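>>> got a sequence here, can you build the structure:
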Amino acid sequence: MKRDRNVKIVATLGPASNDYEVIRALHEAGADVFRLNMSHGDHSEIAARHAIIRQIEVDLGRPIAILADLQGPKLRCGVFANDEGHDLEDGATFRFDLDDTPGDASRVQLPHKEIFDALEPGATLLVNDGKIRVKVLECGADFAKCEVLAGGRISNRKGVNVPDVVLPLAALSDKDRKDLEFVCELGVDWLALSFVQRPEDVAEARDLAKGRAAILSKIEKPAAVTNFEAILDASDGIMVARGDLGVECPVQAVPPIQKRLVRKCRNAAKPVIVATQMLESMIESPMPTRAEVSDVAAAIYEGADAVMLSAESAAGDYPIEAVTTMNNVAEEVESDPTYRDIIEASRGGDKETVADAIVSAAREIAETTNIKLICCFSESGSTAALTARERPSVPILALTSRMAIARRMCLTWGCHCVKVGSVGRFKEAVVSAVRAATTENLADKSDLIVVTAGVPFGQSGSTNILRIAPCDERLIYASELE
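Residues are numbered from 1 along each chain as shown. From the prediction side, this is the model:
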């Protein structure tokens, strides 16, 4: 199943996409990666969805990536004596404290001592996805007296964001640690960490994962933007999670942040997902708005590895139509000559190693001669990622002997991933590449392909050889001295 586009589509599963028929239809419509949201559904439901995806993988003979998205620490206020809550007026004072007495029009519990430990006068608190904004006037170890800057209704257990300070919170709650162990044992390919603030958060998750899944950091707090280079270096991939990021940052700052982060991820050869509200109206409508289509297109023009659907595919009325729409937008954008101009103009990244030189040469050879595709053997996925960083105009066939790596590479731009048998000599790798190219209908016997690999085989990051080969095994053997 070769996609007619390079950007990947991540689809979240949920009540609207919970059985074999719908999930298979989502994959056939264009979903390359399925997201399991650990904020919703118990372990039995998650395991059932995981099993369905793996069955579809077997039935269609194609690797499919599974991304488990950990909930992260949720900060919420307490409850009110009046279950309907209260309206906070602009200019009024309101108090948050540790007292578990039900709240009223003047105060409510905020059961997170770590917030009070970090607050200072002048800091901002955002309540209910930023609909309510207050400024801290006075604070202590167990309270914060605030002035209401933008009022609204506050009610039971509304979310609270603290954008101005780095909170002394671990990115992994007790629930997250249990969920992490469960999904790693289940066999997911990527772990998404919510509310990452610093690289140490990533290191903790990596220690717990023990190599069983790649680590993807969600950028949704100002502290993560500030510490982005260090977080990127510690992570295997990034998600630009524009939901909470748009709450905690000025909304007009989100588009330039998105562009900067995507560019940095591309330069680092690490996959980046652009997420949240991409086709939000399709939760209830079979057609998106023009603004939503433009938003998806902008992420693709930027060179993002993947674009993501959340509630649209998990709980919406039109999950398959949402994936189809995203697929159609991607195909249209990537067929636009302007797309190639933008991608080539934004190509960057430090090229200091032999592997960098090999994949750069592979792209230049493919684009200046009659080469059908680039085939790269990748034991860890790093060679495929470096090849994808080049954003070549020809397809990338990513070959690996490890199914876990084939699945992980499904998130990487342009990679058509195939599991092949182990090889011990470069000639065997060339023959394997030719067979995969023809079997997958990416080339025929009259075509030429570029093959890259690392010799000796089995060593991660050792790409050091390139060959132009005909897609005819007889010609390959005829050219070799046996």
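
>>> domain map for the protein?
8-72+171-334, 86-161, 354-479 (automatic domain parsing).

>>> export those to a markdown table and tack on distance to G78, mean neighbour count and mean pLDDT?
Heads up, the C-betas are built off the backbone N, CA and C, glycines and all. Converted to a markdown table, the domains of the chain look like this (distance: least, C-beta to C-beta, whole Å; neighbours: other C-beta atoms under 10 Å; pLDDT from 0 to 100):
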| stretch | distance to G78 | mean neighbour count | mean pLDDT |
| --- | --- | --- | --- |
| domain 8-72+171-334 | 18 | 20 | 96 |
| domain 86-161 | 3 | 17 | 95 |
| domain 354-479 | 39 | 20 | 90 |
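
>>> so which of those gets nearest V79?
Nearest to V79 among those is domain 86-161 (4.5 Å), distances taken as C-beta to C-beta.

>>> end to end on the closest one, go ahead and measure it.
19 Å (C-alpha to C-alpha, to the nearest Å).

>>> from now on call the first residue 37
With 37 as the first residue, the last one maps to domain 122-197.

>>> run the chain-centre distance for that domain.
Domain 122-197 sits 32 Å away from the centroid of its parent chain (C-alpha atoms, centre = their mean, to the nearest Å).

>>> repeat that for stretch 107-117.
Distance, centroid of stretch 107-117 to centroid of chain: 26 Å (C-alpha atoms, centre = their mean).

>>> contacts for it?
74-75, 122, 132, 136, 138-140, 144-148, 151, 163, 190-198, 205-209, 211-212, 215, 229-231, 254 (C-beta atoms under 8 Å, 6 or more residues apart in numbering).

>>> show me what counts as buried in that stretch.
Buried residues in stretch 107-117, counted by 16 or more other C-beta atoms under 10 Å: Q107, G108, P109, L111, C113, G114, V115, F116.

>>> which secondary structure state does the second one sit in?
What that stands for is G108. coil (DSSP: H, G, I helix; E, B strand; the rest coil).

>>> out of the contacts of stretch 107-117, which are inside strands?
H122, F132, V144, Q145, V163, I190, V196, N197, L229, K254 (DSSP state E).

>>> from these, which two are the most distant?
Pairwise over the ones in strands among the contacts of stretch 107-117, using C-beta to C-beta, the maximum falls at H122 and L229, 34.7 Å.

>>> ranges for the strands of the stretch 37-186 of the chain?
Ranges of strands in the stretch 37-186 of the chain, per DSSP state E, counting those that start in this stretch, are 44-49, 69-73, 101-105, 122-124, 129-133, 143-145, 160-163, 168-175, 179-186.

>>> find the nearest non-adjacent residue to R98, please.
M37 (5.3 Å; C-beta to C-beta, 6 or more residues apart in numbering).

>>> tell me how far the one you found lies from V58.
Distance check for M37 against V58: by C-beta to C-beta, to the nearest Å, it reads 17 Å.

>>> and what of A334?
Counting by C-beta to C-beta, the gap from A334 to V58 is 29 Å.

>>> same question, H148
38 Å.

>>> G279 too?
Distance from G279 to V58, by C-beta to C-beta: 24 Å.

>>> chain neighbours aside, what residue packs nearest to A366?
A366 sits nearest to R41 (C-beta to C-beta, 6+ apart), 4.2 Å away.

>>> so how many other residues sit close to the one you found?
Other residues near R41 come to 20 when the count uses other C-beta atoms under 10 Å.

>>> that one and N364 touch, don't they?
No: look at R41 against N364 with C-beta atoms under 8 Å: they stay out of range, at 9.4 Å.

>>> hang on, the earlier thing: pick out the most distant pair among the buried residues of stretch 107-117.
G108 and F116, at 25.2 Å, using C-beta to C-beta across those.

>>> quick one, helices of the stretch 237-386 of the chain?
258-262, 264-270, 278-284, 290-304, 326-338, 347-350, 355-370, 373-381 (DSSP state H, counting those that start in this stretch).

>>> can you check which of the ones you listed gets nearest to V395?
Per C-beta to C-beta, nearest to V395 of the helices of the stretch 237-386 of the chain: helix 290-304, 13.6 Å.

>>> output the closest one in CSV, but only the C-alpha positions, please.
The C-alpha coordinates for helix 290-304 follow below in CSV (Å, rounded to 0.1, in the frame of the first residue of the first chain):
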residue,chain,number,x,y,z
VAL,A,290,1.8,29.7,18.2
PRO,A,291,2.3,29.8,14.4
PRO,A,292,5.8,31.2,14.5
ILE,A,293,6.7,28.7,17.3
GLN,A,294,5.3,25.9,15.2
LYS,A,295,7.4,26.9,12.2
ARG,A,296,10.6,27.2,14.3
LEU,A,297,10.1,23.9,16.0
VAL,A,298,9.4,22.1,12.7
ARG,A,299,12.5,23.5,11.1
LYS,A,300,14.7,22.5,14.1
CYS,A,301,13.3,19.0,14.1
ARG,A,302,13.9,18.7,10.3
ASN,A,303,17.5,19.8,10.8
ALA,A,304,18.0,17.3,13.6
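
>>> packing partners of that helix?
helix 264-270, strand 273-277, helix 278-284, strand 308-311, helix 326-338 (3 or more C-beta pairs under 8 Å, 6 or more residues apart in numbering; DSSP states H and E).

>>> got a markdown table for those, with distance to K300 too?
Putting those into a markdown table (distance: least, C-beta to C-beta, whole Å) gives the following:
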| stretch | distance to K300 |
| --- | --- |
| helix 264-270 | 6 |
| strand 273-277 | 8 |
| helix 278-284 | 15 |
| strand 308-311 | 8 |
| helix 326-338 | 11 |
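
>>> can you say which of these is nearest to V487?
Using C-beta to C-beta, the nearest of the helices and strands packed on helix 290-304 to V487 is strand 273-277, at 26.1 Å.

>>> which other helices and strands contact that closest one?
strand 250-255, helix 290-304, strand 308-311.

>>> apply 10 Å and report the result again.
strand 101-105, strand 226-229, strand 250-255, helix 258-262, helix 264-270, helix 290-304, strand 308-311, strand 342-345 (3 or more C-beta pairs under 10 Å, 6 or more residues apart in numbering; DSSP states H and E).
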